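Colleague: A structural model of the following input is requested.
(chains A and B)
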Amino acid sequence: MVEIYPIQQRGFHNTYDADGNIDGFEFRFIPKYYKGLWFTQCRFGNVTVDGEEFSRDELIFEYDGLEYSREEMFDLQKYWQFRTPLIFKVKKPGGLSIGYHDVALQFGWVLNYNGALEKEADGSGLGNMGHLFGNDYARRMLLCR
Amino acid sequence: MEKGHPQRGISVYSYQTLLGKTMTLEDCFLEMYDTGATCFELLTSYIEGYPNPSAKWVDNYWRMCEKYKLQPAELGHWAENHLHRGPGMSDEEMVEELKQDFRLANLLGFKSLRTKITCTNTLCDPEPGWQSYIEKALPYAEKYDVRMQNEVHLPTTLHTPHIRDEYLEFIHRTGTKHFGFNIDFGTFQTRSLPGMPNKWGLDDVSKPEEIVEFLPYSWSCHTKFLEVNENFEEVTIPYKEVIQLMVDNGWSGNLLSEFEGPCRYGAEDSPQKFAEAMDKIPEQVRRHQIMMRNLLGY
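Modeller: Now for the predicted structure:
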């Protein structure tokens, strides 16, 4: 079971390097769409926390115990199971402070109906479903460690 | 003509807002059992481990079908040909994708499919070239004993040109018994509902009598509903007329309750909205099933 919101508070915490130093933070995300997606269909945008932007090309995505870059996702022949969170890992030395944070991200996908086919065939955009479902997600979340 | 005897069923899609959040798949089966429905639609996405579910999942699925006395009716799947950056997929890649779902449908007991072919606008005009890969997939549909169905979904009507000019023409030209139509009852919608995003307008909808011509090419239909009142009447779609036409014309397929009411929209936005969806969705499906029981007489 997952939480009702696309950005999940469960799993929101700082991350540590091999020496025990905080090197970033991570959180989980589920699309709000009614079906699963192939990762090759997915289009990931930047993450913003408290106004600080983290480029989509610096994000690390973890699924099924394996880590991928955004670029690798375009060739990932794997089905993003319905209601299964994808972990977003963000590098930030020192991580986030304990307390509330406004976490936002952009996400879209390419689907075969209810819209024109993707105009940006190089995948630089956010897919072709934004006009129906939006591309912006945000949630205020409480970080404890 | 002998009267038809449609099966009364439910699409698990109706519960999708809650599935994986407050309801398990088994909870959906129990809900469906409670209504007296005898068959169901699943979407490929609701198969854990899709496209390769574990033997354990498949065993449990059949256990649930038996326990809750529900027959598989339709598997909703997608003929997606833009899964990758760059040009669309080749016919061969498409056929492999379709075969994968045919095999899965066969394994899970589904005889009909809601096959979503790529379309290029809100009227769902299919992307040119679809006939090529669908025709190549027909022998496999026959082998795995499944029937692909294009969904006729508002704003598409039964008189939207591509329905006749492309899909019906394809059926007649190939003579196939493995391609047809899932006629979503939303295509007959005559009234709007407060709180619903008015995406398409209702100026041009299908007339009930239009369905008759398409019944020989239809095995499962979505009995779409937006709101069933406390008198067990759907308030936006002329159900009685459409069901009567289906029965009188000898149609004995699967009628699958599919809820798309306003409480689904924005349910993820706040605990209050989600609580409303938790409360309303199962109740609306139950009301709809009582309505269908009243209309069908069983």
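
Colleague: residue numbers of the stretch 1-150 of chain B in contact with chain A?
Modeller: Counting by Cβ under 8 Å from any Cβ of the partner chain, the stretch 1-150 of chain B comes close to chain A at B:13, B:16, B:19-22, B:43-46, B:48-51, B:78-87, B:116-122, B:124, B:127. Heads up, the C-betas are built off the backbone N, CA and C, glycines and all.

Colleague: buried residues, stretch B:192-204. List them.
Modeller: residue B:200 (16 or more other Cβ atoms under 10 Å in any protein chain shown).

Colleague: rewinding a little: drop anything exposed from the residues of the stretch 1-150 of chain B next to chain A.
Modeller: B:13, B:16, B:19-21, B:43-46, B:48, B:50, B:78-85, B:116-120, B:122, B:124, B:127.

Colleague: all the strands of chain A, in order from the start?
Modeller: A:7-16, A:22-29, A:37-38, A:42-49, A:52-54, A:60-63, A:66-68, A:79-80, A:86-91, A:99-109, A:136-143 (DSSP state E).

Colleague: residue nearest the centroid of chain A?
Modeller: residue A:88 (5.0 Å; Cα atoms, centre = their mean).

Colleague: show me what contacts that residue?
Modeller: Contact analysis of residue A:88 by Cβ atoms under 8 Å, 6 or more residues apart in numbering or on different chains lists A:26-29, A:47, A:59-61, A:105.

Colleague: just to revisit the earlier point, could you dump the strands of chain A to CSV with mean pLDDT?
Modeller: Formatted as CSV, those follow (pLDDT from 0 to 100):
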stretch, mean pLDDT
strand A:7-16, 98
strand A:22-29, 98
strand A:37-38, 96
strand A:42-49, 96
strand A:52-54, 98
strand A:60-63, 98
strand A:66-68, 98
strand A:79-80, 98
strand A:86-91, 98
strand A:99-109, 96
strand A:136-143, 98
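
Colleague: return the distance of the residue nearest to residue A:53 when sequence neighbours are not counted relative to residue A:90.
Modeller: Distance criterion Cβ to Cβ, 6 or more residues apart in numbering or on different chains; nearest residue to residue A:53, sequence neighbours excluded, is residue A:46 at 5.3 Å. Noted for residue A:46: a distance of 10 Å to residue A:90, by Cβ to Cβ, to the nearest Å.

Colleague: ok, now which ones touch the residue nearest to residue B:127 when sequence neighbours are not counted?
Modeller: Distances taken as Cβ to Cβ, 6+ apart put residue B:118 closest to residue B:127, at 4.4 Å, once the chain neighbours are dropped. Residue B:118 makes contact with A:112-113, A:117, B:79-82, B:88, B:126-127, B:130, according to Cβ under 8 Å, 6+ apart.

Colleague: between those residues, which sits nearest residue B:189?
Modeller: Within those, proximity to residue B:189 (Cβ to Cβ) peaks at residue A:113, which comes in at 18.8 Å.

Colleague: that's a helix at residue B:276, yeah?
Modeller: Yes. According to DSSP: H, G, I helix; E, B strand; the rest coil, residue B:276 belongs to a helix.

Colleague: gap between it and residue B:263?
Modeller: In terms of Cβ to Cβ, residue B:276 sits 5 Å off from residue B:263.

Colleague: compute the first-to-last residue distance for stretch B:142-156.
Modeller: 28 Å (Cα to Cα, to the nearest Å).

Colleague: which one of the contacts of residue A:88 is nearest chain B?
Modeller: Nearest to chain B out of the contacts of residue A:88 is residue A:29 (Cβ to the nearest Cβ; 12.1 Å).

Colleague: so what's the closest one bridging to?
Modeller: In this structure, residue A:29 bridges to residue A:7, residue A:86 when assessed by DSSP bridges.

Colleague: who are the contact partners of it?
Modeller: So residue A:29 contacts A:6-8, A:85-86, A:88, A:105, A:107, A:137 (Cβ under 8 Å, 6+ apart).

Colleague: what of residue A:58?
Modeller: Residue A:58 neighbours (Cβ under 8 Å, 6+ apart): A:90-91.

Colleague: report how many residues lie close to residue B:114.
Modeller: Residue B:114: 26 surrounding residues under other Cβ atoms under 10 Å in any protein chain shown.

Colleague: grab the nearest non-local neighbour of it.
Modeller: Closest to residue B:114 by Cβ to Cβ, 6+ apart is residue B:76, at 4.3 Å.

Colleague: my read: residue B:25 touches residue B:19, true?
Modeller: Yes. When contacts are counted by Cβ atoms under 8 Å, residue B:25 is listed as touching residue B:19 (7.1 Å).

Colleague: what do those two both touch?
Modeller: In contact with both residue B:25 and residue B:19: B:12, B:46, using Cβ under 8 Å, 6+ apart.

Colleague: rewinding a little: now distance to residue B:149 too, for the contacts of residue A:88, in CSV please.
Modeller: Listed next are the contacts of residue A:88 as CSV, based on distance: Cβ to Cβ, whole Å:
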residue, distance to residue B:149
A:26, 42
A:27, 40
A:28, 36
A:29, 33
A:47, 40
A:59, 40
A:60, 41
A:61, 35
A:105, 36
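
Colleague: most remote residue from the middle of the chain, which is it?
Modeller: I'll assume chain A. Chain A, farthest from centre, Cα atoms, centre = their mean: residue A:19 at 26.4 Å.

Colleague: that answer is for a different chain, and I need it for chain B
Modeller: Distance to centre of chain B, Cα atoms, centre = their mean, peaks at residue B:86 (30.1 Å).

Colleague: mind checking which helix or strand it is in?
Modeller: Using DSSP states H and E, residue B:86 sits within no helix or strand.

Colleague: look at it and report its pLDDT.
Modeller: pLDDT recorded at residue B:86 is 76.

Colleague: please report how far it lies from residue B:237.
Modeller: Here the distance between residue B:86 and residue B:237 works out to 41 Å (Cβ to Cβ).

Colleague: with residue A:9 instead?
Modeller: Distance from residue A:9 to residue B:237, by Cβ to Cβ: 39 Å.

Colleague: more neighbours, these two?
Modeller: Between residue A:9 and residue B:237, residue B:237 has the larger neighbour count (other Cβ under 10 Å), namely 22 against 15.

Colleague: for the more buried one, helix, strand, or coil?
Modeller: The local conformation at residue B:237, judged by three-state DSSP, is coil.
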